[in-house]
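*Asks:* Quick check, what structure comes out for this input:
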Amino acid sequence: MSEYVIAIDQGTTSTRAIIFDNSGSIVSSGQLEHEQIFPKPGWVEHDPNEIWNNTREVIGKALSAANLTRHNIKAIGITNQRETAVVWDKNTGEPVYNAIVWQDTRTQSIVDRFAADGGVERFKPIVGLPLATYFSGTKIVWILENVEGAREKADAGDLLFGTTDSWVLWNLTGGVDGGVHATDVTNASRTLFMDLVTLSWRQDILDLFGVPLSMMPEIRSSSEVYGVAEPNSLLREVPIAGILGDQQAATFGQAAFDAGEAKNTYGTGNFLIFNTGEEIIHSQNGLLTTLGYKIGNEKPHYALEGSIAVTGSLVQWMRDNLGLIKSADEIESLAATVDDNGGAYFVPAFSGLFAPYWRADARGALVGLTRYVNKGHIARAVLEATAYQTREVLDAVNADSGVPLTELKVDGGMIANNLLMQFQADILGVPVVRPVVAETTALGAAYAAGLATGFWSDMDDLRKNWQEDSRWTPSMDSDESERLLRNWKKAVTKTFDWVDDDVQ
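*Replies:* As a prediction, the model looks like this:
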């Protein structure tokens, strides 16, 4: 009987189940989008129950599409949007509030409160992260302080917290009937609460934030058996054996296992991860220090990460809010109607700026407009914004690591855009490389689960699976690329200091 691994990819805009064979090729998939909830400016929420219901449905879609059953599935891997916070009642299984999404900025006053004594980097030597609305720790605080009855239930030990991997794992393994409450080191490293050295929750930081330890999931490695699917599941008795946050999973799926290797994912946002091996490097240039992966009892691998909040979601905004395009892939043909950006620059600071600026007070700006600029120029400015932001993050990586990157492996939905990929190579000055299997996030979770269950024997098995599909090399004059970058940096400064007490 043929065996496969299934990966559950619980992302920001949708949930997917993808089945992989031993070569790392996609056998089948199922996908469902979930609602993006915007109650107020800067607030972004998801319905956790909708996510869980969609998870069950996409598993069925993937199995049905390949005419497979649970008997064909060797293991389950989970990958997820990392900083999105779910808090639920362990006795009823019901969330006490919607999931607060990583893009949400409502917790800025909580960030300011904790930064008042020691600044935004007061915990960074311990947890690798600055105080920012991005991370899940402040979201837990907001729920405990603003949802009626939540504080009392938490203090009584009745509430559980998890990023969406924990929410899916808990439900998949039985929920109120013995569900496993755990997460892996990569997701734990995005909370503000995990010690990078000990890989355990810091009781002193939890106490300072007022978050009971009883809420927190057990921290496990990225590749081990956490439990098995519950009896009523389509995958009943199949082991759940891999968990990786989405960006670490994409790095794993790109087979970037060793120090000095890197990838950039082009999704809702962009996330560049640079593997630093077993060494913890504390960034001096606005990057995050995070866990790359941990395989079973082996030593952890660390990484530097540059997180960009808005890239693919800017294209969605062009489609949904402005109606300038009818589908996301139309932006390439629209941008191709002009030869350049016409002097226009679009800085998509919709929820502030992440790396390397970390400016929560920034808001989006379209600058450099003249009567000459048309919708083609704006489309080009939208795509170029992704490339400029990536260049700034890569410059920070090079400065921190001291080892200039010689090529960039890419993945995610936007890498199908050839115009963007060529411009990315031009503005970076290094080749950009796309793999044959572009679904590297799900593939990484499948790899982690397959390693834990013997479906793949070792890392060399995974390296052999990686194949190059396309390569773009720089063709722009370096003086021109530096001129464009200089104007971009000028445009970024125009977004600063926008938010104050009466402007959100």
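*Asks:* which ones are touching Phe455?
*Replies:* Counting by Cβ atoms under 8 Å, 6 or more residues apart in numbering, Phe455 touches Glu3, Val5, Asn22, Lys74, Ala75, Ala449. C-beta here means a position set from N, CA and C on the backbone, and glycine is covered the same way.
*Asks:* Each with direction, which strands does the one helix or strand the fifth one maps to pair with?
*Replies:* Ala75 belongs to strand 73-80 when assigned by DSSP states H and E. Paired with strand 73-80 in the same sheet, following DSSP bridges, are strand 4-10 (parallel), strand 239-245 (parallel).
*Asks:* For the helix or strand following the last one, enumerate the helices and strands it packs against.
*Replies:* Using DSSP H and E, the helix or strand that follows strand 239-245 in sequence is helix 246-253. Helix 246-253 is packed against strand 73-80, strand 262-266, strand 270-277, strand 288-293, strand 301-308, helix 440-453, with contacts defined by 3 or more Cβ pairs under 8 Å, 6 or more residues apart in numbering; DSSP states H and E.
*Asks:* so can I have a markdown table of those showing mean pLDDT?
*Replies:* A markdown table is the format used below for the helices and strands packed on helix 246-253 (pLDDT from 0 to 100):
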| stretch | mean pLDDT |
| --- | --- |
| strand 73-80 | 97 |
| strand 262-266 | 90 |
| strand 270-277 | 91 |
| strand 288-293 | 94 |
| strand 301-308 | 91 |
| helix 440-453 | 96 |
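*Asks:* I'd like these written out as JSON lines, with mean neighbour count and distance to Trp472 added.
*Replies:* Converted to JSON lines, the helices and strands packed on helix 246-253 look like this (neighbours: other Cβ atoms under 10 Å; distance: least, Cβ to Cβ, whole Å):
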{"stretch": "strand 73-80", "mean neighbour count": "29", "distance to Trp472": "27"}
{"stretch": "strand 262-266", "mean neighbour count": "27", "distance to Trp472": "13"}
{"stretch": "strand 270-277", "mean neighbour count": "25", "distance to Trp472": "16"}
{"stretch": "strand 288-293", "mean neighbour count": "26", "distance to Trp472": "26"}
{"stretch": "strand 301-308", "mean neighbour count": "26", "distance to Trp472": "19"}
{"stretch": "helix 440-453", "mean neighbour count": "30", "distance to Trp472": "18"}
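*Asks:* residue ranges with poor pLDDT in the stretch 301-450 of the chain?
*Replies:* Within the stretch 301-450 of the chain, no stretch has pLDDT under 70.
*Asks:* how about 80 then?
*Replies:* For the stretch 301-450 of the chain, the stretches flagged by pLDDT under 80 are 403-404.
*Asks:* Tell me where it has helices.
*Replies:* Under the criterion DSSP state H, counting those that start in this stretch, the stretch 301-450 of the chain contains helices at 312-317, 330-335, 375-401, 418-428, 440-453.
*Asks:* Restricting to C-alpha, output the strand or helix carrying Arg56 in PDB.
*Replies:* Per DSSP H and E, Arg56 falls inside helix 48-65. Extracted in PDB, the C-alpha atoms of helix 48-65 (Å, rounded to 0.1, in the frame of the first residue of the first chain):
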ATOM      1  CA  PRO A  48     -11.300  30.100  15.300                       C
ATOM      2  CA  ASN A  49     -14.300  27.800  14.900                       C
ATOM      3  CA  GLU A  50     -14.500  28.600  11.200                       C
ATOM      4  CA  ILE A  51     -10.800  27.800  10.900                       C
ATOM      5  CA  TRP A  52     -11.300  24.400  12.700                       C
ATOM      6  CA  ASN A  53     -14.300  23.500  10.600                       C
ATOM      7  CA  ASN A  54     -12.400  24.400   7.400                       C
ATOM      8  CA  THR A  55      -9.500  22.300   8.600                       C
ATOM      9  CA  ARG A  56     -11.700  19.200   8.800                       C
ATOM     10  CA  GLU A  57     -13.200  19.900   5.400                       C
ATOM     11  CA  VAL A  58     -10.000  20.500   3.500                       C
ATOM     12  CA  ILE A  59      -8.600  17.200   4.900                       C
ATOM     13  CA  GLY A  60     -11.600  15.500   3.300                       C
ATOM     14  CA  LYS A  61     -11.100  17.400   0.100                       C
ATOM     15  CA  ALA A  62      -7.500  16.300  -0.200                       C
ATOM     16  CA  LEU A  63      -8.100  12.700   0.600                       C
ATOM     17  CA  SER A  64     -11.100  12.500  -1.800                       C
ATOM     18  CA  ALA A  65      -9.100  14.200  -4.600                       C
END
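*Asks:* oh, and call the first residue 28 from now on, that's how I've got it
*Replies:* OK, 28 is where the count begins now, so the last one is helix 75-92.
*Asks:* gap between it and the chain center?
*Replies:* Offset of helix 75-92 from its chain centre (Cα atoms, centre = their mean, to the nearest Å): 20 Å.
*Asks:* so that helix versus strand 100-107, what angle?
*Replies:* 140 degrees (axes from the mean of the first three to the mean of the last three Cα atoms, to 10 degrees).
*Asks:* Mind listing what's buried along helix 75-92?
*Replies:* Residues of helix 75-92 classed as buried by neighbour count (16 or more other Cβ atoms under 10 Å): 75-79, 81-86, 88-90.
*Asks:* Would you mind pulling the contact partners of that helix?
*Replies:* Here helix 75-92 has contacts from 33, 35, 37, 41-46, 55-59, 61-62, 96-97, 100, 113, 115, 121-122, 125-126, 191, 194-195, 198-199, 260-262, using Cβ under 8 Å, 6+ apart.
*Asks:* For the chain, identify the residue most remote from the centre.
*Replies:* Distance from the centre of the chain peaks at Arg398, with 38.0 Å (Cα atoms, centre = their mean).
*Asks:* Is Arg461 in contact with Asp496, as I believe?
*Replies:* Yes: using Cβ atoms under 8 Å, Arg461 is in contact with Asp496, at 4.9 Å.
*Asks:* and those two? which has more neighbours close in?
*Replies:* Remark: of Arg461 and Asp496, Arg461 carries more neighbours, 17 against 11, as counted by other Cβ atoms under 10 Å.
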